[in-house]
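J.: Sequence and predicted structure are below.
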Amino acid sequence: MSDAAVSAPVFSTVAEGDLSLDDHEAIASLLAQAFPSYDHWYLGARSWAGMQPERRVIARVDDVVVAHAGLRRQFVAVGTTDLLVAAVGMVAVSPDVQKTGLGAELLRHVDTALTDLRVPFGVLETGEAVQGFYRSAGWLPLELDGLPITGHFTAFSADGAGVLVTQQEGWLAREGTSALAEWPEGVLHWNGQMV
């Protein structure tokens, strides 16, 4: 990969149905490297862990996928409001090219994909260690009365068992067609898996 690190990556946004088996295998390889604790999810051509994305933002150097993000439009419940969002997940940069600015470039392409999807908000959940990365790209924490919102989603194990997970922080949003001030009040219910 050291040769790939010096070549300029080529970005594309691809509809899920347009990906080939080779594409899925290349994406799965990157995700297994980027998320070693979850590499058992990304075996062979399985290039997703939760809900399969609708679109992928992919950066390649030749045939090697070096950065990736998945997006999917869906409705979530926030308090008593059904809200259309674009779920963003599996945001990954190859460990070989991290800290080169590729992640920031990836998020700029995610912004373009969010604009193309014409959704009020992009939403993702992430750990505290990487929130600064997202915030520097304009993602903002979702809060209620100055405290992080609580969100509920369904997580599935590798054998398919579903379990309800409550996450009390780490929910971030990116403004799409609406300003963050328009985000409704209440607890977030994802009503299924996340991307």
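T.: Structure's in. What do you need? Residues are numbered from 1 along each chain as shown.
J.: mind showing which ranges of the chain have poor pLDDT?
T.: Low-confidence regions of the chain, defined by pLDDT under 70, span residues 1-6, 157-160.
J.: for it, longest strand please?
T.: Counting residues, the longest strand found in the chain (DSSP state E) is strand 64-78.
J.: so how far is that one from its chain's centroid?
T.: 4 Å (Cα atoms, centre = their mean, to the nearest Å).
J.: May I see the buried residues of that strand?
T.: Within strand 64-78, the residues scored as buried using 16 or more other Cβ atoms under 10 Å are 64-72, 74, 76-78. In this view, the C-beta of every residue, glycine as well, is placed from N, C-alpha and C.
J.: next one: stretch 172-189
T.: Going by 16+ other Cβ under 10 Å, stretch 172-189 has these buried residues: 172-176, 180, 183, 188-189.
J.: contacting residues for residue 58?
T.: 11-14, 23, 27, 65, 67-68 (Cβ atoms under 8 Å, 6 or more residues apart in numbering).
J.: That one falls within a helix, correct?
T.: No: using DSSP: H, G, I helix; E, B strand; the rest coil, the assignment for residue 58 is strand, not a helix.
J.: So it versus residue 39, what's the distance?
T.: Residue 58 is 19 Å from residue 39, where distance means Cβ to Cβ, to the nearest Å.
J.: other SSEs contacting the longest helix seen in the chain?
T.: Longest helix of the chain, by residue count under DSSP state H: helix 102-117. With contacts defined as 3 or more Cβ pairs under 8 Å, 6 or more residues apart in numbering; DSSP states H and E, helix 102-117 has these neighbours: strand 10-15, strand 55-61, strand 64-78, strand 81-93, strand 171-175.
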